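Undergrad: I would like to see how this sequence folds:
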Amino acid sequence: MQRLILALTTTFSRPALARTLVIVLVLGSLISFFYVVALPAGTLGALSFAALRFLTPWQVLASVLLGYGFALVIAMNAAAAGGNGGLRKGAGALGIGGLVASLLPSSLCCTPVIPLVLAALGVSAPTIFRTSGVFQAFFALHAAAFVSVSIGLVLLSVWLAAYNFTSGCALAAEKR
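TA: So this is what the prediction gives:
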């Protein structure tokens, strides 16, 4: 916990405060807004603003955690770039993995993505009709689990970014 607090105070320190605030507020708001529209899209069956009427409080919380969590990882990476040339591998990849995994339920359930992929692979039409519904149902039934795992991955990426940012090498490079 001390590493996280140290990383946050360093990231939001005076020299790069304006850049950090822009990254966190602007990028976090944009990503969160996208998720506010994307997460209830499975209920409507399309990525549309009309899906907002199906928005639940849990989806709003998930959108905020995903959007601002990922923006915080980007801000920590930007702050670390000034001191040690960037963070070690892992933190950014997990954040991106979390964001991509959270898009799976809303993009694969009730959309033509799965049938199009199967058709592009050369699968016959009768097979597409039999199997695409099974895949779409799987993603629809387990959408909450995908989003929960995604939130966990983004929060883990924040912790890894803080851990890497406050490691001995990063702090020694910053003191120079």
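Undergrad: For G122, pull up the helix or strand it's in.
TA: Mapping G122 onto the secondary structure by DSSP states H and E places it in no helix or strand at all.
Undergrad: how many other residues sit next to it?
TA: 6 (other C-beta atoms under 10 Å). Heads up, the C-betas are built off the backbone N, CA and C, glycines and all.
Undergrad: going forward can the numbers begin at 39, since that is how I track them
TA: New numbering, starting at 39: the last item is G160.
Undergrad: Return the backbone torsion pair for it.
TA: Per-residue torsions, G160: phi 90, psi 20 (degrees, to the nearest 10).
Undergrad: which SS state does the residue located most distally from the centre of the chain fall under?
TA: Most distant from the centre of the chain: P164, at 35.6 Å, with distances by C-alpha atoms, centre = their mean. Secondary structure assignment for P164 (DSSP: H, G, I helix; E, B strand; the rest coil): helix.
Undergrad: now swap in L85 and tell me
TA: Taking three-state DSSP, the label given to L85 is coil.
Undergrad: show me what contacts Y201?
TA: Applying C-beta atoms under 8 Å, 6 or more residues apart in numbering, one finds that Y201 lies in contact with 41, 45.
Undergrad: Quick check: which element contains it?
TA: helix 181-203.
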